[in-house]
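[1] what shape does this take:
(2 chains)
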Number of protein chains: 2
Amino acid sequence: MNIVLSRDSQVRIMENTVANAEKYFGQFCALMASYARKTAKLRDKSDLLVKQLIDYANTENPELRSTMKNFAEELAKVQDYRQAEVERLETKVVEPLKRYGVQLKQTQAESNVHKVSVDASRTTQQLKETIDEFQKQKLKDVQKIFSDFVTIEMVFHAKALEVYSSAFQKLDDYDFERDMEDFRAKIQIASGNFDARPVSTTNPSSTLPWSASSQSVRSTLQRQEDSEEDSEENVLQDVSNPEYAQIRR
Amino acid sequence: MNIVLSRDSQVRIMENTVANAEKYFGQFCALMASYARKTAKLRDKSDLLVKQLIDYANTENPELRSTMKNFAEELAKVQDYRQAEVERLETKVVEPLKRYGVQLKQTQAESNVHKVSVDASRTTQQLKETIDEFQKQKLKDVQKIFSDFVTIEMVFHAKALEVYSSAFQKLDDYDFERDMEDFRAKIQIASGNFDARPVSTTNPSSTLPWSASSQSVRSTLQRQEDSEEDSEENVLQDVSNPEYAQIRR
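    Numbers count the residues shown, from 1 in each chain, chains lettered A, B, ... in the order given. So this is what the prediction gives:
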């Protein structure tokens, strides 16, 4: 019995296997693209936070200004790692899933060729090989793509943890007493003069601007400019095939 | 000179200090609320991914089904930690910033009282104390709120790293060869029968359903139901004061 092969049932198995893969891998592609987009939005919000922290730092006395500046720099580094995460998700997860979708369509076409072929004994053997090869490739791809996803996430979380630990230290180094002494000294100076200018604490455009010198802050501010062109809707819009976007909200 | 105090300049310092704090803390409140919302959206997308992984697992052979099931469980745990992150951000960052905004309004009102008071010598002393107290509180709040933010993020990243490391292991444990043997055996059985039913590999509603037994997967699926009520727009909508939402996009 095992030697007698039904070409129709083979074709049906092939079609079902491919259709199932197409359904789920299409959903995974859309979800992973969406996951990358949401991550990019979180990065955008954090970039804004970095910018506001720098603006705020410039309105404060040296002690808090320096603390906020250092904190913003660390926060900017986290966003650089988040940016790397987004790029890796696109390259190592979304793109392979997209390519896999294209490959699935070719396999479907191939199985149609087998269906109309006249040489039954030859096509059943070919079909068996095609199904076997297809399944092998699929299983390897599943493991590879999700392992890559996990690796990308692990690298990001490890780096974020490292940078936030440093950020916590920066905030912890803040010398509250020294800041209050500075403030009280300024209040005294100001209150000694009837035409006192507002103290720098309260002046949003401080005369002691903090220069955004670090690479992270530069790249953060660069992304801010870029993001004026990249609206929330078109970020990664070309990443997912329309056929794969059925469950995107 | 230091003893002679100008009530007007004192009031001006007070007003500027409070207005500056109101401006920046209002922006921080809106940004942090938005950051929490974006994080919640990332969690929602990941919850969908968990659900799709379980659905997909149920269409596969035992070896891959078990691997995908285990992987989905780990991914669900990450989302539980992300959920905790969102809740902590609301409680320890957004809410204190919101309360701080209310307090700022009270301080403004207080400074107006000083402005119209007739007892100049008494009010200047009171104003000095008010400014001092205000600044002290502000500096402590800044350090506390951002330290809490960093701590929340650190806890999340540390937990995520731990769970993803375990998720990587689950994917690594996958026995590809055994899965192929299973598949080839099914193909043989199917091809020996002209009226072969589709193999379970290709049947989306498998007869071997995987039960979503873990707490994480349960909470993930629960959130899925919840999120049908919580549209993207109304999540956390009551968290930020309208006055604080000026920069929200």
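[2] which helix of chain A spans the most residues?
    When chain A is parsed with DSSP state H, its longest helix is helix A:120-172.
[3] I'd like the next helix or strand past that one.
    helix A:176-191 (DSSP states H and E).
[4] any idea of the angle that next one forms with helix B:120-172?
    If you take axes from the mean of the first three to the mean of the last three CA atoms, to 10 degrees, helix A:176-191 sits at 150 degrees to helix B:120-172.
[5] look up how far residue B:31 lies from the most centrally placed residue in chain A.
    Centroid-nearest residue in chain A, with CA atoms, centre = their mean: residue A:86, separated by 2.6 Å. In this view, residue A:86 and residue B:31 are 19 Å apart by CB to CB, to the nearest Å. Just so you know, the C-beta spots here come from the backbone N, C-alpha and C atoms, and that holds for glycine as well.
[6] residue A:73 now?
    Note on residue A:73: its distance to residue B:31, by CB to CB, is 17 Å.
[7] kindly report the same for residue A:170.
    From residue A:170 across to residue B:31, the span is 19 Å (CB to CB).
[8] before we move on, back to that, any idea how far the longest helix of chain A is from the chain center?
    15 Å (CA atoms, centre = their mean, to the nearest Å).
[9] ok, that helix near chain B or not?
    Yes. For helix A:120-172, a contact with chain B is found by CB under 8 Å from any CB of the partner chain, at A:124, A:128, A:131-132, A:135-136, A:139-140, A:142-143, A:146-147, A:150-151, A:153-154, A:157-158, A:160-161, A:164-165, A:167-168, A:171-172.
[10] who's in contact with stretch A:133-147?
    Applying CB atoms under 8 Å, 6 or more residues apart in numbering or on different chains, the contact partners of stretch A:133-147 are A:14, A:17-18, A:21, A:28, A:92-93, A:96-97, A:100, A:103, A:107, B:64, B:67-68, B:71, B:168, B:171-172, B:174, B:176, B:179-180, B:183, B:201.
[11] quick check: what element follows the host helix or strand of the residue nearest to the centre of chain A along the chain?
    Assigned by DSSP H and E, residue A:86 belongs to helix A:62-89. Using DSSP H and E, the next helix or strand after helix A:62-89 towards the C-terminus is helix A:95-116.
[12] quick one: average pLDDT of that following helix?
    Helix A:95-116 carries an average pLDDT of 82.
[13] point out where chain A drops to low pLDDT.
    By pLDDT under 70, the low-scoring segments of chain A are A:1-7, A:114-123, A:189-216, A:218, A:220-221, A:224-249.
[14] before we move on, the earlier item: so for residue A:170 and residue B:31, which sits in the more crowded spot?
    residue B:31 (24 against 21; other CB atoms under 10 Å in any protein chain shown).
[15] from residue B:162, how far out is that one?
    28 Å.
[16] okay, the angle between the longest helix of chain A and helix A:95-116?
    Here helix A:120-172 points in a direction 170 degrees away from that of helix A:95-116 (the same axes, to 10 degrees).
[17] report the angle between helix A:120-172 and helix B:62-89.
    Per the same axes, to 10 degrees, the angle that helix A:120-172 makes with helix B:62-89 is 20 degrees.
[18] now for residue A:113, how many residues are close by?
    Residues lying near residue A:113 (other CB under 10 Å) number 10.
[19] buried ones among the contacts of stretch A:133-147?
    The neighbour count (16 or more other CB atoms under 10 Å in any protein chain shown) marks A:14, A:17-18, A:21, A:28, A:92-93, A:96-97, A:100, A:103, A:107, B:64, B:67-68, B:71, B:168, B:171, B:174, B:179-180, B:183, B:201 as buried among the contacts of stretch A:133-147.
[20] wait, residue A:39 touches residue A:86, no?
    Yes. Using CB atoms under 8 Å as the test, residue A:39 is close enough to residue A:86 to be in contact (5.3 Å).
[21] so what's the residue count around the nearest residue to residue A:154 once chain neighbours are set aside?
    Counting by CB to CB, 6 or more residues apart in numbering or on different chains, residue A:154 lies nearest to residue B:164, which is 4.6 Å off, once chain neighbours are set aside. By other CB under 10 Å, the residues close to residue B:164 number 24.
[22] ok, residue B:164 to residue A:68 distance?
    Computed as CB to CB, the residue B:164 to residue A:68 distance reads 32 Å.
[23] go on, residue A:16?
    Distance from residue A:16 to residue A:68, counting by CB to CB: 60 Å.
[24] kindly report the same for residue A:139.
    51 Å.
[25] swap in residue A:105?
    53 Å.
[26] again with residue A:9
    69 Å.
[27] try residue A:24
    Distance, residue A:24 to residue A:68, using CB to CB: 47 Å.
[28] ditto for residue A:87
    29 Å.
[29] the residue lying closest to residue A:75 once chain neighbours are set aside is in what secondary structure piece?
    Spatial nearest neighbour of residue A:75, chain neighbours left out: residue A:50 (5.1 Å); criterion: CB to CB, 6+ apart. Following DSSP H and E, the helix or strand that holds residue A:50 is helix A:7-57.
[30] that helix vs helix B:120-172, what angle?
    160 degrees.
[31] what helices or strands is helix A:7-57 leaning on?
    Under the contact criterion of 3 or more CB pairs under 8 Å, 6 or more residues apart in numbering or on different chains; DSSP states H and E, helix A:7-57 touches helix A:62-89, helix A:95-116, helix A:120-172, helix A:215-229, helix B:7-57, helix B:176-191.
[32] and residue A:133, how many neighbours?
    By other CB under 10 Å, 11 other residues sit near residue A:133.
[33] let me redo that: residue A:81
    19.
[34] next one: residue A:167
    Counted by other CB under 10 Å, the residues lying close to residue A:167 total 25.
[35] residue A:93 touches residue A:32, doesn't it?
    Yes. Counting by CB under 8 Å, residue A:32 is a contact partner of residue A:93 at 4.9 Å.
[36] what do those two both touch?
    When contacts are counted by CB under 8 Å, 6+ apart, residue A:93 and residue A:32 are jointly contacted by residue A:149.
[37] can you name the residues that contact residue A:219?
    Under the criterion of CB under 8 Å, 6+ apart, the neighbours of residue A:219 are A:76, A:79, A:80, A:83.
[38] would JSON lines of those with neighbour count and distance to residue B:219 be doable?
    Putting these into JSON lines (neighbours: other CB atoms under 10 Å in any protein chain shown; distance: CB to CB, whole Å) gives the following:
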{"residue": "A:76", "neighbour count": "27", "distance to residue B:219": "33"}
{"residue": "A:79", "neighbour count": "25", "distance to residue B:219": "29"}
{"residue": "A:80", "neighbour count": "19", "distance to residue B:219": "32"}
{"residue": "A:83", "neighbour count": "18", "distance to residue B:219": "30"}
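[39] let me know the closest of these to residue A:57.
    When the contacts of residue A:219 are compared for distance to residue A:57 (CB to CB), residue A:76 wins out at 12.6 Å.
[40] my guess is the closest one contacts residue A:222. True?
    No. At 10.8 Å, residue A:76 does not count as touching residue A:222 under the criterion of CB under 8 Å.
[41] coming back round to it: could you measure the residue nearest to the centre of chain A against chain B, distance?
    Per CB to the nearest CB, to the nearest Å, residue A:86 is found 12 Å from chain B.
[42] likewise for residue A:78?
    Here residue A:78 is placed at a distance of 8 Å from chain B (CB to the nearest CB).
[43] distance check, that residue against residue B:27.
    Counting by CB to CB, the gap from residue A:78 to residue B:27 is 19 Å.
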